[in-house]
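Student: Coordinates only, no sequence provided:
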């Protein structure tokens, strides 16, 4: 039982952390500027990658674009983590509502 309570505490902490990040980013004027700058950087890469002939420079573009996309999707990632943690907490708090499927009964051989 202690393990379940520890796990539940971790899920609750994760919900709180994700809510802080999502709420702060939504209201942050600085985050809006950062997003605008990242979108400009992404557009710059998209508009110029085809002009690059140096493989090393092209790899830098790929890595930079990947990093930019990760940052642009940061808030969405926390929103998804929040939703997942909330669903997990609901399952932990309401185990009687969670119906486990018995896959042995679902496959009938005729």
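Tutor: Thanks, I have it. Since the structure is predicted, the reported quantities are computational estimates derived from the model, not experimental observations.

Student: Need the phi and psi values for residue 77.
Tutor: Here is the backbone geometry of residue 77 (degrees, to the nearest 10): phi -60, psi -40.

Student: got it, and residue 86?
Tutor: According to degrees, to the nearest 10, residue 86 has phi -60, psi -40.

Student: May I have the residues that are in contact with residue 18?
Tutor: Contact analysis of residue 18 by Cβ atoms under 8 Å, 6 or more residues apart in numbering lists 78, 79, 81, 82, 85. (Glycine included, C-beta is placed from N, CA and C.)

Student: meant to ask about residue 14
Tutor: 81, 85.

Student: rewinding a little: any idea which of the contacts of residue 18 is the one closest to residue 21?
Tutor: residue 78 (4.6 Å; Cβ to Cβ).

Student: So what's the residue count around that closest one?
Tutor: Using other Cβ atoms under 10 Å, residue 78 has 19 other residues around it.

Student: now it: how far from residue 26?
Tutor: 11 Å (Cβ to Cβ, to the nearest Å).

Student: Same check on residue 37?
Tutor: In terms of Cβ to Cβ, residue 37 sits 18 Å off from residue 26.

Student: again with residue 52
Tutor: From residue 52 to residue 26 the distance is 36 Å (Cβ to Cβ).

Student: Give me the more crowded residue out of these two.
Tutor: Between residue 52 and residue 26, residue 52 has the larger neighbour count (other Cβ under 10 Å), namely 14 against 11.

Student: Tally up the residues packed near the nearest residue to that one once chain neighbours are set aside, please.
Tutor: Closest residue to residue 52 apart from its sequence neighbours, by Cβ to Cβ, 6 or more residues apart in numbering: residue 58 at 4.9 Å. Neighbours of residue 58 under the rule other Cβ under 10 Å: 13.
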